[in-house]
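*Asks:* Dropping the sequence and predicted coords here.
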Amino acid sequence: MTKKQSLDFNKNEDGMKLAVSAMKKKLAIIEKGGGEKSIAKQKEKGKLTARERIAYLIDKNSAFTEMMAFAGYEMYAEHGGCPAGGTVAGIGYIKGRQCIIVANDQTVKAGAWFPITGKKNLRLQEMSIENKLPIIYLVDSAGVYLPMQDEIFPDKEHFGRIFRNNARMSSMGITQIAAVMGSCVAGGAYLPIMSDETLMVEEQGSIFLAGPYLAKAAIGEDVDIQTLGGAVTHTEISGIADYKFKTEKECLDQIKRIIDKIGEYDKAGFDRVKPILPLKDMKEIYGIISPENNKPYDVVELIEHLVDNSEFDQFKQDYGKTIVCGYARVDGWAVGIVANQRTIVKSGKKEMQLGGVIYNDSADKAARFIMNCNQKKIPLVFLQDVTGFMVGSRSEHGGIIKDGAKLVNAVSNSVVPKITIIVGNSYGAGNYAMCGKAYDPRFIYAWPNAKIAVMGGEQAAKTLLQIQVASLKSKGEQITPEVEKEMLDKIIEQYNRQTTAYYAASRLWVDAIIDPIETRNVISEGIAAANHAPIEKEMNVGVFQV
């Protein structure tokens with residue numbers, strides 16, 4: 001029986017395609033920003049939308065990797081929502097050079113900053129810093145969303161950190177260009193002025209610390225927006241802006257000319273040869289993993305659908321089999337791959353599936369492989385489908401905590417770029433050991449079926465149920481089986497909602513949810529970005545138990 005004739009393959013394929021279709025439908029709604037009426041108002045003013053600005057700015061027929069489109073998804077319902085966090089952003093090519101592009105979406109609450117907007121913008125600046133990429137700000141924002149100012153204004157990782165980063169990035173020699181195409185008010189006015197070059201669109205762009213209403217209230221002055229802080233004012237009187245243009249497209253053309261003249265910087269020197277497509281059809285990826293993440297599969301087969309010529313050289317192939325490690329190429333780039341392997345364990349007459357459980361030997365093997373890749377200056381790709389470390393007396397006596405700590409130590413101190421793809425489950429300390437968000441992957445993506453939580457839904461729900469039932473019984477309440485089942489169903493529903501890829505993406509635990517067949521592309525683009533930043537130190541793992 002061929003793979004395509006396999007019943008499990010067909011079920012997986014159908015389920016994954018449905019999951020991808022559902023994701024794309026959600027994205028289509030998000031891409032409308034504040035909705036058709038808001039877009040129409042933007043057009044009435046003669047303005048492009050954020051997405052149209054980016055489309056015009058980037059090279060034709062070039063890749064644009066959108067980041068964090070699901071930021072704020074199903075959050076802030078009481079405030080009318082905040083699609084994409086009110087910002088459209090990603091990595092695109094301008095005159096052949098990779099750049100971070102950040103565009104305020106004026107159709108979403110006039111481009112105001114919600115808490116998630118600040119978090120998203122800080123993450124984009126982090127990408128620029130880590131990968132030494134130029135960053136372009138397309139500014140059109142009303143500033144902080146005042147009803148939630150206490151959650152965006154004063155803390156370390158809030159709005160003000162943006163401007164601190166502007167200063168730090170400038171000192172690092174990272175090019176920053178700001179094009180003011182609409183409002184830029186209050187504290188937000190510092191962003192374009194702390195960039196290297198500031199461009200403004202006449203009659204549309206404005207920059208000021210206090211608008212006409214506040215000027216009237218504070219000092220009794222009557223002044224209109226353009227006189228107070230328009231393009232003419234700031235290019236001819238204050239000298240704050242460097243260029244003014246009559247149209248947005250003229251303004252965007254100038255950005256292209258600036259980027260076109262930037263000199264080359266040192267590269268990290270990651271090895272790349274002429275790319276070769278995988279021998280195995282990439283579309284077959286849909287049939288490998290079940291959308292429910294509840295069936296075993298061979299992760300090596302998945303890898304062979306992603307890597308050049310389907311060639312994968314395994315490291316310690318017959319040791320520590322619940323983590324697969326090895327060398328390959330993705331779109332020509334040399335990579336080291338660390339991937340979880342689902343296993344079936346027989347206990348008497350019972351069979352139990354262990355979804356990517358990390359054993360002592362697996363942790364030891366992966367830690368060694370990570371150190372090898374650092375020595376050879378090979379970027380790392382983590383394919384996460386992990387339920388955590390093995391539990392029980394046998395593992396504890398064998399020192400699973402020690403071996404797990406060794407792996408976490410290696411991941412933490414790795415200096416080569418790390419790119420993480422969550423292809424299934426990502427539970428507990430397994431999330432940490434396999435380079436979850438807390439371990440500074442350069443980029444982290446999730447498939448639509450991904451689940452991220454401290455433990456699996458069933459285990460967590462039963463644990464929470466036991467705690468709740470014990471608490472109620474201690475108060476003298478009688479819990480019938482019917483009530484207990486109702487409590488369990490409610491816990492499972494809540495827990496399952498909080499473990500989805502969408503819940504994670506809305507809070508920026510991952511940079512994007514991707515179509516599985518885009519995995520190869522995002523890995524390649526990620527390494528291309530990382531190659532702009534030379535590695536400036538050697539790996540040092542510090543002290544750990546041997």
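*Replies:* That came through fine.
*Asks:* Would you confirm that residue 186 contacts residue 207?
*Replies:* No - judged on CB atoms under 8 Å, residue 186 makes no contact with residue 207 at a distance of 10.3 Å. Backbone N, C-alpha and C define where each C-beta goes, glycine included.
*Asks:* neighbour-wise, which of the two wins?
*Replies:* Taking residue 186 and residue 207 together and counting by other CB atoms under 10 Å, residue 207 has the greater number of neighbours (27 against 17).
*Asks:* ok, and what's touching the helix or strand harbouring the more buried one?
*Replies:* For residue 207, the element it lies in under DSSP states H and E is strand 206-208. By CB atoms under 8 Å, 6 or more residues apart in numbering, the list of residues contacting strand 206-208 from outside reads 180, 182-185, 189, 192-193, 200, 225-226, 228-230, 234, 240-241.
*Asks:* For PyMOL, write the select line for the buried members of those.
*Replies:* In PyMOL syntax, the buried subset of the contacts of strand 206-208 is picked out as below (16 or more other CB atoms under 10 Å):
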select buried, resi 180+182+183+184+185+189+192+193+200+225+228+229+230+234+240+241
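*Asks:* Sort out for me which of the contacts of strand 206-208 are in helices.
*Replies:* Members of these lying in helices (criterion: DSSP state H): 192, 193, 225, 226, 228, 229.
*Asks:* Which residue is the nearest non-sequential neighbour of the fifth one?
*Replies:* In this case it means residue 228. residue 208 (5.3 Å; CB to CB, 6 or more residues apart in numbering).
*Asks:* Around the nearest residue to residue 101 once chain neighbours are set aside, how many other residues sit close by?
*Replies:* Nearest non-adjacent residue to residue 101, counting by CB to CB, 6+ apart: residue 136, 4.9 Å away. Counted with other CB under 10 Å, the neighbours of residue 136 add up to 28.
*Asks:* swap in residue 85?
*Replies:* 30.
*Asks:* which stretches of the stretch 251-400 of the chain have low pLDDT?
*Replies:* By pLDDT under 70, the low-scoring segments of the stretch 251-400 of the chain are 344-355.
*Asks:* same question but for the stretch 401-546 of the chain, I mixed them up
*Replies:* 457, 544-546.
*Asks:* Which stretches in it count as strands?
*Replies:* Here the stretch 401-546 of the chain has its strands, by DSSP state E, counting those that start in this stretch, at 418-427, 443-446, 451-453, 512-513.
*Asks:* Deepest-packed of those, please.
*Replies:* strand 418-427 (a mean of 27; mean count of other CB atoms under 10 Å).
*Asks:* Show me what that strand is packed up against.
*Replies:* strand 380-386, strand 443-446, strand 451-453, helix 519-530 (3 or more CB pairs under 8 Å, 6 or more residues apart in numbering; DSSP states H and E).
*Asks:* Nearest to residue 38, out of the ones you listed?
*Replies:* strand 443-446 (29.0 Å; CB to CB).
*Asks:* what separates the closest one from the chain centre, distance-wise?
*Replies:* 5 Å (CA atoms, centre = their mean, to the nearest Å).
*Asks:* So what are the sheet partners of it and their directions?
*Replies:* strand 418-427 (parallel), strand 512-513 (parallel) (DSSP bridges).
*Asks:* Which of the three states applies to the closest residue to residue 342 other than its chain neighbours?
*Replies:* In space, not counting the residues next to it along the chain, residue 342 is nearest to residue 296; the distance is 4.4 Å by CB to CB, 6+ apart. Secondary structure, DSSP: H, G, I helix; E, B strand; the rest coil: residue 296 is coil.
*Asks:* how many neighbours does residue 296 have?
*Replies:* 16.
*Asks:* so it touches residue 356, yeah?
*Replies:* No - assessed by CB under 8 Å, residue 296 is found out of contact with residue 356, at 10.0 Å.
*Asks:* Need the residues touching each of those two.
*Replies:* Contact criterion CB under 8 Å, 6+ apart; residues shared by residue 296 and residue 356: residue 342.
*Asks:* Quick check: the gap between residue 153 and residue 143.
*Replies:* With distances taken as CB to CB, to the nearest Å, residue 153 is found 10 Å from residue 143.
*Asks:* Could you check which of the two is surrounded by more residues?
*Replies:* residue 143 (20 against 16).
*Asks:* returning to what we had before: turn the helices and strands packed on strand 418-427 into JSON lines, including distance to residue 322.
*Replies:* Shown next, in JSON lines, are those (distance: least, CB to CB, whole Å):
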{"stretch": "strand 380-386", "distance to residue 322": "9"}
{"stretch": "strand 443-446", "distance to residue 322": "21"}
{"stretch": "strand 451-453", "distance to residue 322": "18"}
{"stretch": "helix 519-530", "distance to residue 322": "21"}
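*Asks:* closest one to residue 367 among those?
*Replies:* Nearest of those (CB to CB): strand 380-386, 12.1 Å.
*Asks:* Describe which strands the closest one pairs with in its sheet and in which direction.
*Replies:* strand 333-340 (parallel), strand 418-427 (parallel).
*Asks:* follow-up on the earlier one: nearest to residue 482, out of the helices and strands packed on strand 418-427?
*Replies:* So among the helices and strands packed on strand 418-427, strand 451-453 is nearest, using CB to CB, at 27.3 Å.
*Asks:* The closest one packs against which elements?
*Replies:* strand 418-427, helix 501-506.
*Asks:* Just the C-alpha atoms of the last one, please, in CSV.
*Replies:* Same thing as helix 501-506. The C-alpha coordinates for helix 501-506 follow below in CSV (Å, rounded to 0.1, in the frame of the first residue of the first chain):
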residue,chain,number,x,y,z
ALA,A,501,-2.1,28.0,18.2
TYR,A,502,-4.4,31.0,17.9
TYR,A,503,-4.3,31.7,21.6
ALA,A,504,-0.5,31.5,21.5
ALA,A,505,-0.2,33.7,18.4
SER,A,506,-2.6,36.3,19.8
